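Participant: What shape does this take:
(one chain, ligands or ions: 1)
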Amino acid sequence: MPKQVHLAAHFPGVNNTTVWSDPRAGSHIEFDSFVKLAQTAERAKFDFFFLAEGLRLREQGVQIYDLDVVGRPDTFTVLAALAAVTTHLGLAGTINSTFNEPYEVARQFASLDHLSDGRAAWNVVTSWDAFTGENFRRGGFLAEGDRYTRATQFLATAAELFDSWPADAVVADKTSGVFLRDGSVGGFQHTDQHFDIAGRFNVPRSPQGRPVILQAGDSDGGREFAAATADAIFSRHGTLVEGQKFYEDVKRRLPAYGRTRDSLKVLPAATFILGDTDADAQEKAAVVRRQQVSGATAIKLLEQLWNRDLSGYDPDGPLPEIDPDVSDSHIAKGRASVRMHRDPIATANEWRARAEAEKLSIRDLIVEVTNRQTFIGAPATVATEINDLVQQDAADGFILVPHVTPDGLDEFADTVVPLLQERGVFRTEYSGPTLRDHLGLEVPA
Ligand SMILES: Cc1cc2nc3c(=O)[nH]c(=O)nc-3n(C[C@H](O)[C@H](O)[C@H](O)COP(=O)(O)O)c2cc1C
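Facilitator: As a prediction, the model looks like this:
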């Protein structure tokens with residue numbers, strides 16, 4: 001039996017993968033857009049719909065960075081509304097464990113799981129930066145090194161709350177007048193380094209017992225956290241060699257927690273560009289890359305590495321000769337990519353050498369170094385690539401990120417999904433009502 005492919009739909013994000021200026025692009029705020037993408041994903045029998053979430057708008061040069069989409073409605077509100085217009089699709093929300101509290105988050109996920117009849121998933125993220133923390137009047141209260149200690153304790157606390165009501169707690173017997181089987185349900189008492197809470201949880205046990213847990217951190221600590229607690233990982237390693245390396249790295253951590261290889265799904269993010277032929281798709285991909293990196297975007301992304309105002313530079317001209325400013329005062333705030341440039345001067349030297357060797361302008365270079373297009377080709381090519389990556393243990397499936405909202409998944413649903421179904425590696429019908437059913441996961445005892 002070949003492995004089954006898992007697929008999820010990422011609502012296009014707040015980065016330059018999303019081309020909001022495309023003539024076909026619609027709203028990123030109106031509910032109709034969320035409904036359209038979710039219903040397309042459900043029609044195509046996807047496992048789940050995925051919402052990323054940032055808790056602070058990005059800024060660059062003390063202005064909101066608005067070359068990409070800015071401003072999104074709240075995750076729980078959107079997912080709860082989607083629960084009413086879908087029937088099987090999983091609903092995954094990204095909720096931060098640094099700036100929230102377990103009692104509130106557990107209530108929200110247990111409620112979403114009830115409203116959706118067992119389709120809730122929680123992508124536990126740990127962004128800890130002081131810039132985001134200002135929104136919560138907490139500033140930088142958590143050191144980077146403590147982000148997974150808090151996340152682990154947060155999740156353990158939430159699990160106690162989810163488990164605090166037995167499934168048969170509510171009797172509601174009209175004849176006898178008995179509502180609860182036992183008036184002591186929901187009690188909890190939890191004390192650790194980050195939380196000291198006691199009381200009663202007030203949401204009865206939900207259909208999945210606990211929401212499906214996703215994890216998206218990439219560091220060693222993040223991978224260990226995933227191995228200990230997650231049902232699926234949202235990774236950024238979607239190519240064969242990198243994917244296999246990551247896949248093996250996280251799966252080999254599972255036995256230490258008494259877990260089987262199947263109990264943790266690895267789902268890299270992936271973009272796609274389809275065409276009538278492979279050549280046609282390549283042509284389209286080149287056009288989309290230029291849409292994703294306008295001249296203005298190229299300069300802004302360059303500024304993030306250089307940590308300097310480069311607005312005077314011509315995006316069609318050469319890279320700056322001046323070196324990056326390596327002092328602390330970052331020109332860009334609230335961006336993961338800023339933290340990813342660990343050695344800006346070395347990276348700048350590499351970029352300059354590459355631009356000179358390949359005769360690339362600033363914009364050409366940024367198009368190359370920020371390239372995140374995963375699958376490019378005719379539907380049959382893309383179906384083969386996806387299936388090969390899954391069968392060769394580079395992934396268990398993919399979280400697909402269309403570049404246009406909300407119609408960007410239609411072509412994939414209509415052309416690639418039927419090919420995966422023909423090959424017997426993707427469901428033609430849902431086998432059960434809950435997201436745990438789709439992912440082949442047990443309900444926690
Ligand atoms: C593919 C991917 C998607 C992520 N999406 C989000 C997100 O939507 N919101 C967020 O606050 N952090 C997001 N993160 C950040 C991580 O959850 C995590 O907080 C961050 O990567 C720091 O952890 P690390 O050092 O283990 O990587 C994402 C990370 C990855 C790899």
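
Participant: hey, where'd the strands end up in the stretch 251-400 of the chain?
Facilitator: Across the stretch 251-400 of the chain, reading from the start of the chain, the strands by DSSP state E, counting those that start in this stretch fall at 265-270, 272-274, 332-333, 375-377, 397-400.

Participant: and the shortest one, how far from the chain's centre?
Facilitator: It stands for strand 332-333. Relative to the centre of its chain, strand 332-333 is centred 21 Å away, using C-alpha atoms, centre = their mean, to the nearest Å.

Participant: Could you find the closest non-adjacent residue to Ile366?
Facilitator: Closest residue to Ile366 in three dimensions, ignoring its sequence neighbours and counting by C-beta to C-beta, 6 or more residues apart in numbering: Ala298, at 4.2 Å. Any C-beta I mention is one placed from the backbone N, CA and C, and that applies to glycine too.

Participant: and the residue lying closest to Thr374 once chain neighbours are set aside, how many neighbours does it have?
Facilitator: Counting by C-beta to C-beta, 6+ apart, Ala270 is the residue found nearest to Thr374 once chain neighbours are left out, at 3.9 Å. Number of residues near Ala270 (other C-beta atoms under 10 Å) recorded here: 25.

Participant: cool, Asp117 as well?
Facilitator: Other residues lying near Asp117 total 15 when counted by other C-beta under 10 Å.

Participant: Quick check: it is in a strand.
Facilitator: No. Looking at Asp117 with DSSP: H, G, I helix; E, B strand; the rest coil, it is coil, so not inside a strand.

Participant: residues contacting the residue nearest to Ile366?
Facilitator: Contact partners of Ala298, counting by C-beta atoms under 8 Å, 6 or more residues apart in numbering, are Pro315, Ile362, Arg363, Leu365, Ile366, Val367.

Participant: of all the strands of the stretch 251-400 of the chain, which lies closest to the ligand?
Facilitator: Using C-beta to the nearest ligand atom as the criterion, the shortest distance between the ligand and the strands of the stretch 251-400 of the chain is 5.0 Å, found for strand 265-270.

Participant: wait, Val425 sits on Lys3?
Facilitator: Yes. Under the criterion of C-beta atoms under 8 Å, Val425 makes contact with Lys3 at 7.1 Å.

Participant: Those two: which has the busier surroundings?
Facilitator: Between Val425 and Lys3, counting by other C-beta under 10 Å, Val425 is the more crowded of the two (19 against 15).

Participant: in the stretch 51-200 of the chain, what spans have low per-residue confidence?
Facilitator: Per-residue confidence of the stretch 51-200 of the chain (counting by pLDDT under 70) places no residue in a weak region.

Participant: circling back: residues that sit against both of Val425 and Lys3, list them.
Facilitator: Among the neighbours of Val425, those also in contact with Lys3 (C-beta under 8 Å, 6+ apart) are Val390, Gln391.

Participant: Among the contacts of Ala298, which one has the most neighbours?
Facilitator: Greatest neighbour count in those, by other C-beta under 10 Å, goes to Ile366: 28 neighbours.

Participant: Sheet-wise, list the partners of the host helix or strand of Phe188 with their directions.
Facilitator: Counting by DSSP states H and E, the element that carries Phe188 is strand 187-191. Strand partners for strand 187-191, identified by DSSP bridges, are recorded as strand 196-200 (antiparallel).

Participant: related to what we said a few turns ago, rebuild the contacts of Ala298 as JSON lines, extending it with pLDDT and distance to Gln193.
Facilitator: As requested, the contacts of Ala298 are arranged in JSON lines below (pLDDT from 0 to 100; distance: C-beta to C-beta, whole Å):
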{"residue": "Pro315", "pLDDT": "98", "distance to Gln193": "48"}
{"residue": "Ile362", "pLDDT": "98", "distance to Gln193": "47"}
{"residue": "Arg363", "pLDDT": "98", "distance to Gln193": "48"}
{"residue": "Leu365", "pLDDT": "98", "distance to Gln193": "45"}
{"residue": "Ile366", "pLDDT": "97", "distance to Gln193": "42"}
{"residue": "Val367", "pLDDT": "96", "distance to Gln193": "46"}
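
Participant: picking up where we left off before, quick check: which of the strands of the stretch 251-400 of the chain is buried the most?
Facilitator: Among the strands of the stretch 251-400 of the chain, judged by mean count of other C-beta atoms under 10 Å, the one packed with the most neighbours on average is strand 397-400 (a mean of 26).

Participant: which residues are in contact with that one?
Facilitator: Where contact means C-beta under 8 Å, 6+ apart, the residues beyond strand 397-400 that reach it are 5-10, 47, 50, 234, 238, 265, 267-272, 374, 386, 390, 409, 412.

Participant: residues of the helix or strand containing Asp32 that come out buried?
Facilitator: If you go by DSSP H and E, Asp32 is part of helix 31-43. The neighbour-count criterion (16 or more other C-beta atoms under 10 Å) identifies Ser33, Phe34, Val35, Lys36, Leu37, Ala38, Gln39, Thr40, Ala41, Glu42 as the buried residues of helix 31-43.

Participant: Around the ligand, pick out the residues from the stretch 201-350 of the chain.
Facilitator: Remark: the part of the stretch 201-350 of the chain in contact with the ligand comprises Ala216, Gly217, Asp218, Ser219, Gly221, Gly222, Phe234, Arg236, Ala269, using C-beta under 6 Å from any ligand atom.
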